[in-house]
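In: make a model of this:
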Amino acid sequence: MKNKTIEAENFAIYISDSTESNDLDNSTLIKYLNETVSVLFKFIQGVDLDGRVKNCENFEVDLSLCNEEEIQALNLEHRDKDKVTDVLSFPGYDSLRAGAEDLFIFEENIHFGDIVICREVCERQGKEFEITYEQELVHLFVHGFLHLCGYDHEISDEEDKIHFSLEEKIVKEIYENMGLDNGRVY
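Out: Reported below is the predicted structural model:
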């Protein structure tokens, strides 16, 4: 198991990679994730999340890269779906959205939760959407992060629109800051 930490603006991503890849040595991916941390930090400070979240001093999320067998086992265990998927999110809170009820944050640090991305699916989807593996991984990470915040496209059509609108906005900002076109559209 390989590990790496990406930090910016009091926001850390703790990455673990159980695959045989060299992703944690991939300078392009690290550059993309650094920009992602910066943009997500601005999102945290914006109007979409509850004010109690903004008042925290440090923010963190765990990202695990795994293979198809691992993500299928997690999907079966936690969602009762016996199939491979691209990303799974395991939130630390029910919802961190503005106006969240029953939100109790007891510490100065907030751990959003865990995101698991299947490396093989990410590679295939990057090719399918005609973007790089790194771009697709960032897209999946943002998608998973929004789930950690309490956005869930599976609840209703309205929530679907909210989730994917935020996802597109955040990914677009990351890509623009890096001089890239947003090649992945739903």
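In: ranges for the helices of this protein?
Out: 27-45, 51-54, 68-79, 119-128, 133-149, 157-177 (DSSP state H).
In: name the residues that touch the last one?
Out: Meaning helix 157-177. The contact list for helix 157-177 (Cβ atoms under 8 Å, 6 or more residues apart in numbering) reads 32, 35-36, 38-40, 43, 48, 135, 138-139, 142-143, 146, 151-154, 181-182, 184-186. Quick note: C-beta positions are derived from backbone N, CA and C, even for glycine.
In: measure how it sits relative to helix 27-45, angle-wise.
Out: 130 degrees (axes from the mean of the first three to the mean of the last three Cα atoms, to 10 degrees).
In: flag every buried residue along helix 157-177.
Out: By neighbour count on 16 or more other Cβ atoms under 10 Å, the buried set for helix 157-177 is 162-163, 166-168, 170-171, 173-175.
In: same question, the shortest one
Out: Of the residues in helix 51-54, those buried under the neighbour-count criterion (16+ other Cβ under 10 Å) are Val53.
In: quote the end-to-end distance of stretch 83-92.
Out: Taking Cα to Cα, to the nearest Å as the measure, stretch 83-92 stretches 24 Å from start to finish.
In: what's the mean pLDDT across that stretch?
Out: For stretch 83-92, mean pLDDT rounds to 96.
In: what comes up buried for it?
Out: For stretch 83-92, a neighbour-count test (16+ other Cβ under 10 Å) marks 84-91 as buried.
In: can you list these in a markdown table and add distance to Glu108?
Out: Formatted as a markdown table, those follow (distance: Cβ to Cβ, whole Å):
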| residue | distance to Glu108 |
| --- | --- |
| Val84 | 38 |
| Thr85 | 34 |
| Asp86 | 33 |
| Val87 | 28 |
| Leu88 | 28 |
| Ser89 | 23 |
| Phe90 | 22 |
| Pro91 | 19 |
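In: how far away is Gly46 from His147?
Out: Using Cβ to Cβ, to the nearest Å, we find Gly46 at a distance of 18 Å from His147.
In: quick one, which of these two is more surrounded?
Out: His147 (20 against 10; other Cβ atoms under 10 Å).
In: ok, that one touching Ser89?
Out: Yes. Using Cβ atoms under 8 Å, His147 makes contact with Ser89 at a distance of 3.6 Å.
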